[in-house]
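In: what would the 3D arrangement of this be:
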Amino acid sequence: MILGIDQGTTGTTCLVFDAGGRPCGRAYSEFGQHFPRPGWVEHDAQEIWDVTRRVAHEALADAGIRGQDLAGIGITNQRETAVAWDRASGRPLHRAIVWQDRRTAGRCDELRAAGREPMFRERTGLVLDAYFSGTKYEWLLGEGGVDARAALGTIDSWLVFKLTGRHVSDYSNAARTLLFDIRERRWDEELCDVLGVPVASLPEAVGNAQVYGETTEFGGRVPVCGMAGDQQAALYGQGCHAPGLGKNTYGTGNFLLQHAGAGSPLLEQGLITTIAWGIGDRLDYALESSMFVTGAAVQWLRDGLGIIAEAAETEALAASLDSNDGVYFVPALTGLGSPHWDPYARGTIVGLTRGATRAHLARATLEAIAYQTADAVHAQNTALGVPLQELRADGGATANGWLMQFQADLLGVPVVVPEVAETTALGAAYLAGVTAGLWTEADTRAMWTEARRYEPRMGDDERASLLADWRRALERARGWAAP
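Out: Numbering: from 1, shown residues only. Predicted structure coming up:
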């Protein structure tokens, strides 16, 4: 059996997988979100660890097993979230700065104005944006008051440290920091110097399928032996192990990744090039589009506006309308990600009339998830020169049949949902299982099974009209908070 730990942005999910790769135990818990200033998003790293440990125990209990029954543990995590902690005590030194946080957008502007972006882009595959961890580390060491001798890392590093005592980060997470050379597989000293981040404060960079250490947290001595950032883990869990295969994860944000091969990484305007995973001597790359606020917008309808009690209500509300009646919501609550990259865009609702209801807001929110994905697919199709044949979808929002059908309609290609929708945890478990000798990579691809398929039904004219109005709304949101 394998324990898959999926530490996400709003909660932690743990699943136990049997020898056939099927989930047999599950537990989940949310944790606190902190918004100390507009555009700032923070987490309590200690709370993340406490919740993760508790949920893992609950998943094992749900599966009816003990820790010593596990062959290994795989970890997947919200990426780019920056943590600083004391090496000796293991105590966090500041709240974690979440990937959604925009406090360093101005610093990225300064670096761009100074002509630094080409160097960062060429070595890391990333664009200069507050989304990534590097400027968050810089802020923690400066305005955050964190001592330069502290340990810095992303959530994978934090969890492995708490489980095993080692300070490591896998290639897929290291590649999200603006500090890691994705060709050389090492921290780039010049980039670290630009941001004032000591290389000694950063974790050892390691592969995605190897033993990082053992933990006694759950009883026995269990190897922690698979690790990947959530979106790369989902790509692995969806069986997208070769060029031309891709997936979209519908979570707090949406993340569209396509396998881009093992050769020289492709750099395209508006898109991210990242390490998919490193297994043995093989290093695979992925082309990525990151959409920051998708499922988080549904959460805002629930927690911010109070117009729904739970996310599932949006499906019936959306379906209650024959059309969107011209109401569009651009959920740029923390700026716009790929392919637009506008940190100063802000949430915008257009087309409201006296007849607009909460159903219109619910439908506009779901439509916005699909519109952002359509923009990302178009950008990747253009970059790769090959049109998407089908979209493999995973994440919590795949339970919303209305959204999945609208997504297929908007793209004009089938949307396919796998039997195990929580492919982030599955991918981490696959990596751990491969390391532990439970499966081969070919075995994990054979385990992928289709649960539902949504075929497009919308006409070309209707699709073009909807997308044109979405782009009009998008322009009204852009640059709103620019200084």
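In: how about the secondary structure of E58?
Out: Judged by DSSP: H, G, I helix; E, B strand; the rest coil, the three-state class of E58 is helix.
In: before we move on, what about Q46?
Out: Assigned with three-state DSSP, Q46 falls in the helix class.
In: distance check, it against T177.
Out: 22 Å (C-beta to C-beta, to the nearest Å). (Glycine included, C-beta is placed from N, CA and C.)
In: A464 too?
Out: 40 Å.
In: and if you look at T252?
Out: Counting by C-beta to C-beta - T252 and T177 are separated by 20 Å.
In: ok, these two, which is more surrounded?
Out: T177 (31 against 25; other C-beta atoms under 10 Å).
In: quick one: residues contacting the closest residue to that one other than its chain neighbours.
Out: Leaving aside its sequence neighbours, T177 sits nearest to S133 (C-beta to C-beta, 6 or more residues apart in numbering; 4.2 Å). Residues near S133 by C-beta atoms under 8 Å, 6 or more residues apart in numbering: 80-82, 154, 176-179.
In: can you give me the strands for the stretch 151-300 of the chain?
Out: Remark: strands assigned in the stretch 151-300 of the chain by DSSP state E, counting those that start in this stretch are 151-153, 168-170, 180-181, 186-187, 204-206, 213-215, 222-229, 246-250, 254-261, 272-279, 282-291.
In: now do the contacts for the closest residue to Q389 other than its chain neighbours.
Out: With C-beta to C-beta, 6+ apart as the measure, V413 is the residue that lies nearest to Q389, at 6.4 Å, once sequence neighbours are left out. By C-beta under 8 Å, 6+ apart, the residues touching V413 are 387-391, 456.
In: ok, V413 to A114 distance?
Out: 42 Å.
In: could I get the strands of the stretch 151-300 of the chain as TSV with distance to Q33, mean neighbour count and mean pLDDT?
Out: Listed next are the strands of the stretch 151-300 of the chain as TSV, based on distance: least, C-beta to C-beta, whole Å; neighbours: other C-beta atoms under 10 Å; pLDDT from 0 to 100:
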stretch	distance to Q33	mean neighbour count	mean pLDDT
strand 151-153	21	26	97
strand 168-170	24	27	98
strand 180-181	28	24	96
strand 186-187	30	16	97
strand 204-206	29	17	97
strand 213-215	27	18	96
strand 222-229	20	28	97
strand 246-250	19	27	90
strand 254-261	19	25	87
strand 272-279	25	25	93
strand 282-291	19	23	90
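In: rebuild those as a markdown table, extending it with distance to R107.
Out: Output for the strands of the stretch 151-300 of the chain, formatted as a markdown table (distance: least, C-beta to C-beta, whole Å):
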| stretch | distance to R107 |
| --- | --- |
| strand 151-153 | 17 |
| strand 168-170 | 22 |
| strand 180-181 | 19 |
| strand 186-187 | 20 |
| strand 204-206 | 24 |
| strand 213-215 | 34 |
| strand 222-229 | 23 |
| strand 246-250 | 28 |
| strand 254-261 | 24 |
| strand 272-279 | 19 |
| strand 282-291 | 19 |
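In: now the buried members of the contacts of V413.
Out: 388, 390-391, 456 (16 or more other C-beta atoms under 10 Å).
In: in strands, which of those appear?
Out: In strands, judged by DSSP state E, the following of the buried ones among the contacts of V413 are found: L391.
In: so how many other residues sit close to R183?
Out: Neighbours around R183, by other C-beta under 10 Å: 14.
In: sorry, wrong one. I was asking about L141.
Out: By other C-beta under 10 Å, neighbour count at L141 equals 21.
In: ok, it - contacts?
Out: Contacts for L141 (C-beta under 8 Å, 6+ apart) come out as 84, 148, 152, 196-197, 201.
In: list the residues that contact E80.
Out: Applying C-beta under 8 Å, 6+ apart, the residues contacting E80 are 99, 131-133, 136, 154, 176-177.
In: go again using 6 Å as the cut-off
Out: Contacts here follow C-beta atoms under 6 Å, 6 or more residues apart in numbering; on that basis E80 touches 99, 131-133, 176.
In: secondary structure, pLDDT and distance to L336 added to these, as TSV?
Out: Listed next are those as TSV, based on DSSP: H, G, I helix; E, B strand; the rest coil; pLDDT from 0 to 100; distance: C-beta to C-beta, whole Å:
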residue	secondary structure	pLDDT	distance to L336
W99	coil	91	14
Y131	coil	88	11
F132	coil	95	15
S133	coil	97	19
R176	coil	96	18
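In: for R452, state which of these is nearest.
Out: Nearest to R452 among these is W99, at 29.4 Å by C-beta to C-beta.
In: on the pLDDT front, check the nearest residue to that closest one once chain neighbours are set aside for me.
Out: Counting by C-beta to C-beta, 6+ apart, W99 lies nearest to E80, which is 3.7 Å off, once chain neighbours are set aside. Looking at E80, its pLDDT is 95.
In: and if you look at A318?
Out: A318 is given a pLDDT of 98.
In: you'd agree I97 is up against K136?
Out: Yes - I97 lies in contact with K136 (C-beta atoms under 6 Å); the separation is 4.3 Å.
In: could you name every residue contacting both of the two?
Out: Shared contacts of I97 and K136, defined by C-beta under 6 Å, 6+ apart, comprise A82.
In: of the two, which one has the most company?
Out: A count of neighbours by other C-beta under 10 Å puts K136 above the other of I97 and K136, at 31 against 26.
In: who touches S172 in this structure?
Out: By C-beta under 6 Å, 6+ apart, the residues touching S172 are 228-229, 232, 275, 277.
In: one step back: make TSV out of the buried ones among the contacts of V413 and add pLDDT and distance to R358.
Out: Below are these laid out as TSV (pLDDT from 0 to 100; distance: C-beta to C-beta, whole Å):
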residue	pLDDT	distance to R358
L388	80	33
E390	86	33
L391	90	29
P456	97	28
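In: closest one of the buried ones among the contacts of V413 to A429?
Out: L391 (23.0 Å).
In: now for that closest one: which residues touch it?
Out: 248, 415.
In: A311 touches V298, doesn't it?
Out: Yes - counting by C-beta under 6 Å, A311 touches V298, with 4.9 Å between them.
In: more neighbours, those two?
Out: V298 (27 against 18).
In: E310 is in contact with that one, correct?
Out: No - contact criterion C-beta under 6 Å: V298 and E310 do not qualify, at 9.5 Å.
In: give the buried residues for stretch 107-125.
Out: 107-109, 111, 116-117, 120-121, 123-125.
In: list of residues touching that stretch?
Out: Residues contacting stretch 107-125 (C-beta under 6 Å, 6+ apart): 128-130, 135, 178, 181-182, 188, 265, 273-274.
In: please apply the same query to stretch 151-164.
Out: 7, 45, 49, 75, 77-78, 81, 83-85, 87, 133, 137, 166-169, 173, 201-203, 212-213, 215, 217, 224, 227.
In: from these, which ones fall inside helices?
Out: Among these, the ones falling in helices (DSSP state H) are 45, 49, 137, 173.
In: from those, which two are the most distant?
Out: Pairwise over the ones in helices among the contacts of stretch 151-164, using C-beta to C-beta, the maximum falls at W49 and Y137, 19.5 Å.
In: run through this protein and note the low-pLDDT ranges.
Out: Residues of the chain that meet the criterion pLDDT under 70 lie in 244, 264-266.
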